[in-house]
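**Q** sequence unavailable; structure follows:
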């Protein structure tokens, strides 16, 4: 911890620095607050890969002009249970805040509802997007496509995005949420393995020649494998349909071509695209009196299994620890964030 | 094909024989028609494991008295977007027919809707349950829990069911549907491997001692692994919450205990439990004019990838072949079905 290459800051300091950097890059207060909040929440949960590490991506998307930091989301009711939040090229966190407000009302009235969040730049953790809904007693499913990184089952070239999906259900102890990409191995993990000269896990992907390899640099140039073979590939495909086709937004291959037309794929932050959010109210599914106790007994029994690992358990433990100890960041990243905040908008 | 141990019948013959067997076991016309239809549809799609092979399970559930063949489903509107179909201990296919009628109306009005199908005995393929919705231009997601067969991530004992989930989306050429269990290996595949003295695939599960094994008989006694490690385990967990807790129905461990209290687990057909069905109308998600062409271009590009394998492609090919050649069944199974139809109800 005393290593000069690391620094410890409070969540408030991280939030203020992130907001300043976003405002310097052209965000209004609402966008800066919303985007800083999701990045700092990830840091507080011990998920550095979705924390301030993502800030330069948001800043790049703003600076190159493809994303707007002052876009007021436009709300359209498409059906009694469906609302569209057009982010108008803004960053996703602010549009997602608006979506949560809208879908909460619709889900409580209709029992189940969907929000099509369109025309946003998504670059943060999905569990953070649905956690406030789960805290408010709703269940939620959310997914988003990206740019091509994953080969569909049987194919040897990238086509699907990493296509994360998160699902949450309210519990007595802060909610259950899982958030997982459709790729077998996190892209960040491959990048770190390539940097450090390590091998990728068995089955992580293929090189540009379409042949399986454990060289992470080759997989990054080639295609990642979906998790769980053809079954994970199906999940990735479902995400392309829900977050792309269904809501009139680019699928990953389409977003990839749009990005390629702009120049380098990963240098200008997240692409423009959509997010599909579904929320449901367990009070409206026929067991209003019983579901809370049933949930508690189910998880109680599950947690009692020797060795069991539940999604989100590490995050909860990290949140408690980091709230005591502070947010630990690479000093170089912190300097980058602070310097970005000093620039003239 | 001329082997005496196999017989070829028409779909109509298979349907009539299945209906007769179901009626002899106590089904009314509506239950017999609906249940025969889902089993014959699976045969027509080349999926023997969910075809007439399942008929003895339905018959056993009826004969031992836990399932009823004359239960009229009871429809309750729980919210503008949620309907419950209480199957009243009937077989699932008839209640699912009623659920499709109800959810179609709700989804077209609200954009998205859910049906809680409760108190049914589900023992057939999920893709068959949603195909009529997809044919009618709706998207659908369906899932059901079962009895404990799968160990959650990190654990070494069975807890989750095989917990299948199917997703469908309308296309110009008959719809896209995937249907997959949360277990790494189909239980039927392990049973066949055990019968034939073959090894189970690597990573299929653990024995009763909790240690990994490739002995299929030991895995059947122990616990199957979820597909894709902790990510497939998350999907299995989601199914327990949606098809169990949310709709006031037994989770797999609860269903397992109910079955155990009755006697042998797999001898009396499927347990009593719930099915969650969600349907959505792509016309109501903001791209009513464009989504059909977008779907076609997306799948066109996906199918053009060398080597790609799409879920459901084999079923479509089999359906065309079997409609020409007839349904091929083990002669012993056919004799069993025909004999069951001759018994006095």
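**A** Yep, that arrived. Everything numeric in this text was worked out from a predicted model, so none of it was measured.
**Q** enumerate every residue touching the closest residue to chain B within chain A.
**A** Across chain A, no residue is closer to chain B than residue A:228, which sits at 2.3 Å (CB to the nearest CB). For glycine as for every other residue, the C-beta is placed from the backbone atoms N, C-alpha and C. Counting by CB atoms under 8 Å, 6 or more residues apart in numbering or on different chains, residue A:228 makes contact with A:184, B:184, B:227-229, B:231-232.
**Q** go with 7 Å
**A** Applying CB atoms under 7 Å, 6 or more residues apart in numbering or on different chains, one finds that residue A:228 lies in contact with B:227-228, B:231-232.
**Q** which residue packs closest to it, ignoring adjacent ones?
**A** residue B:228 (2.3 Å; CB to CB, 6 or more residues apart in numbering or on different chains).
**Q** okay, buried residues for the helix or strand hosting residue A:12 please.
**A** If you go by DSSP states H and E, residue A:12 is part of helix A:11-24. Neighbour counts over helix A:11-24 (16 or more other CB atoms under 10 Å in any protein chain shown) mark A:13-24 as buried.
**Q** mind putting the residues you listed into a markdown table with pLDDT and distance to residue A:60?
**A** Converted to a markdown table, the buried residues of helix A:11-24 look like this (pLDDT from 0 to 100; distance: CB to CB, whole Å):
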| residue | pLDDT | distance to residue A:60 |
| --- | --- | --- |
| A:13 | 97 | 23 |
| A:14 | 98 | 19 |
| A:15 | 98 | 20 |
| A:16 | 98 | 21 |
| A:17 | 98 | 17 |
| A:18 | 98 | 15 |
| A:19 | 98 | 17 |
| A:20 | 98 | 17 |
| A:21 | 98 | 12 |
| A:22 | 98 | 12 |
| A:23 | 97 | 16 |
| A:24 | 97 | 13 |
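**Q** shaky segments in the stretch 1-150 of chain A?
**A** Applying pLDDT under 70 to the stretch 1-150 of chain A flags the ranges A:1-3.
**Q** what's the lengthiest helix in chain A packed up against?
**A** Longest helix in chain A by number of residues (criterion: DSSP state H): helix A:92-110. Counting contacts by 3 or more CB pairs under 7 Å, 6 or more residues apart in numbering or on different chains; DSSP states H and E, helix A:92-110 is packed against helix A:29-44, strand A:82-91, strand A:112-121, helix A:126-135, strand A:272-280.
**Q** report the next helix or strand after the first one in sequence order.
**A** Once the chain leaves helix A:29-44, the next helix or strand it forms, by DSSP H and E, is helix A:55-63.
**Q** just the shortest one next, same as before
**A** From strand A:272-280 onward toward the C-terminus, using DSSP H and E, the following helix or strand is helix A:291-303.
**Q** residues making contact with the helix or strand following that next one?
**A** Sequence order places helix A:313-325 as the next helix or strand after helix A:291-303, per DSSP H and E. Applying CB under 7 Å, 6+ apart, the external contacts of helix A:313-325 come out as A:44-47, A:174.
**Q** write out the residues of the stretch 1-150 of chain A neighbouring chain B.
**A** Taking CB under 7 Å from any CB of the partner chain, the part of the stretch 1-150 of chain A that reaches chain B is made up of A:78-82, A:84, A:109-114, A:116, A:118, A:139.
**Q** of those, which pair is most distant in space?
**A** Farthest apart among the residues of the stretch 1-150 of chain A next to chain B by CB to CB are A:111 and A:118. That separation is 23.9 Å.
**Q** more crowded one of those two?
**A** Counted by other CB atoms under 10 Å in any protein chain shown, residue A:111 and residue A:118 do not tie: residue A:111 has more neighbours, with 29 against 26.
**Q** residue contacts, that one?
**A** For residue A:111, the contact set (CB under 7 Å, 6+ apart) comprises A:280-281, A:284-285, B:78-82, B:114.
**Q** neighbour count for those - can I get that in TSV?
**A** As requested, those are exported to TSV (neighbours: other CB atoms under 10 Å in any protein chain shown):
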residue	neighbour count
A:280	30
A:281	25
A:284	22
A:285	26
B:78	20
B:79	23
B:80	19
B:81	33
B:82	26
B:114	32
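**Q** from the residues you listed, pick the one nearest residue A:196.
**A** Nearest to residue A:196 among the contacts of residue A:111 is residue A:280, at 42.8 Å by CB to CB.
**Q** without its sequence neighbours, what residue ends up closest to the closest one?
**A** Per CB to CB, 6+ apart, closest to residue A:280 is residue A:112, 4.3 Å.
**Q** that neighbour: what's it in contact with?
**A** Neighbouring residues of residue A:112 by CB under 7 Å, 6+ apart: A:81, A:278, A:280, B:81-82, B:112-114, B:278.
**Q** if we can go back for a sec, as a markdown table, the buried residues of helix A:11-24 with distance to residue B:270 would be great.
**A** Below are the buried residues of helix A:11-24 laid out as a markdown table (distance: CB to CB, whole Å):
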| residue | distance to residue B:270 |
| --- | --- |
| A:13 | 57 |
| A:14 | 52 |
| A:15 | 52 |
| A:16 | 57 |
| A:17 | 57 |
| A:18 | 53 |
| A:19 | 55 |
| A:20 | 60 |
| A:21 | 57 |
| A:22 | 54 |
| A:23 | 59 |
| A:24 | 61 |
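**Q** name the nearest of those residues relative to residue B:70.
**A** Distance to residue B:70, by CB to CB, is smallest for residue A:15 among those, at 63.0 Å.
**Q** ok, that closest one touching residue A:34?
**A** No - contact criterion CB atoms under 7 Å: residue A:15 and residue A:34 do not qualify, at 11.4 Å.
**Q** so residue A:287 sits against residue B:248, correct?
**A** Yes - contact criterion CB under 7 Å: residue A:287 and residue B:248 qualify, at 3.0 Å.
**Q** for residue A:149, phi and psi?
**A** Reported as degrees, to the nearest 10, the phi and psi values for residue A:149 are phi -140, psi -20.
**Q** roughly how far does it sit from residue A:259?
**A** Applying CB to CB, to the nearest Å, the value for residue A:149 to residue A:259 is 12 Å.
**Q** same deal with residue A:62?
**A** According to CB to CB, residue A:62 stands 15 Å off from residue A:259.
**Q** now residue A:7
**A** Using CB to CB, which is the criterion applied here, residue A:7 is 33 Å from residue A:259.
**Q** with neighbour numbers in mind, choose between these two.
**A** Between residue A:7 and residue A:259, residue A:259 has the larger neighbour count (other CB under 10 Å), namely 23 against 18.
**Q** the more buried one sits in which helix or strand?
**A** Using DSSP H and E, residue A:259 sits within helix A:252-262.
**Q** contacting residues around that helix?
**A** Applying CB under 7 Å, 6+ apart, the external contacts of helix A:252-262 come out as A:66, A:145-148, A:159-161, A:240, A:250, A:265, A:268, A:271-273, B:301.
**Q** what about it, distance to the chain center?
**A** 19 Å (CA atoms, centre = their mean, to the nearest Å).
**Q** would you mind getting the angle between that helix and strand A:272-280?
**A** If you take axes from the mean of the first three to the mean of the last three CA atoms, to 10 degrees, helix A:252-262 sits at 150 degrees to strand A:272-280.
**Q** for helix A:252-262, buried residues please.
**A** Buried positions in helix A:252-262, judged by neighbour count with 16+ other CB under 10 Å: A:252-256, A:259.
**Q** between that helix and helix B:291-303, how many degrees?
**A** Counting by the same axes, to 10 degrees, helix A:252-262 lies at 80 degrees to helix B:291-303.
**Q** just give the closest residue to residue A:124, not the sequence neighbours.
**A** Excluding its sequence neighbours, the residue lying closest to residue A:124 (CB to CB, 6+ apart) is residue A:38, at 4.4 Å.
**Q** contact partners for the one you found?
**A** Residue A:38 makes contact with A:93, A:124-125, A:128, according to CB under 7 Å, 6+ apart.
**Q** let's see 8 Å
**A** A:93, A:124-125, A:128-129.
**Q** how about residue A:269?
**A** The contact partners of residue A:269, taken as CB under 8 Å, 6+ apart, are A:56-62, A:64, A:66-67, A:121, A:123.
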